[in-house]
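Participant: Model the following, please.
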Amino acid sequence: MEKKLVMTFKDETENKFNLTVNSVKDSISPTEINNIMDYIISTEIFKSKNGKLVSKTSAVTVDTSATEHPVGN
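Facilitator: Sure thing, here's the model as predicted:
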């Protein structure tokens, strides 16, 4: 099972922008998440189609699993 971190920000026009990080460690803390989100905003390393990211909205970790199903021709 893989763990993903989905961080949601608001941009300059108040639109939501999601940033997903794959393979997040199980022990990631709320402090670490807040710190990286603050860093992303302050350095402006990501922008939405509407401009720079200006605030944090939410962050969630998502556990995912995949099941492969055989298919015939």
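Participant: which residues of this protein fall in helices?
Facilitator: Along the chain, counting by DSSP state H, helices occupy 30-43.
Participant: for it, what helix or strand is lowest in average pLDDT?
Facilitator: Every helix and strand in the chain was compared by mean pLDDT, DSSP states H and E; the lowest is strand 47-48, with a mean of 94.
Participant: Parallel or antiparallel, list what pairs with that strand.
Facilitator: According to DSSP bridges, strand 47-48 has the following sheet partners: strand 51-64 (antiparallel).
Participant: Specify the angle between the partner strand and helix 30-43 in degrees.
Facilitator: Orientation of strand 51-64 against helix 30-43 (axes from the mean of the first three to the mean of the last three C-alpha atoms, to 10 degrees) gives an angle of 150 degrees.
Participant: so how far is strand 51-64 from its chain's centroid?
Facilitator: Distance of strand 51-64 from its chain centroid, counting by C-alpha atoms, centre = their mean, to the nearest Å, is 5 Å.
Participant: for it, which positions count as buried?
Facilitator: L53, K56, A59 (16 or more other C-beta atoms under 10 Å). (Each C-beta comes from the backbone N, C-alpha and C, glycine too.)
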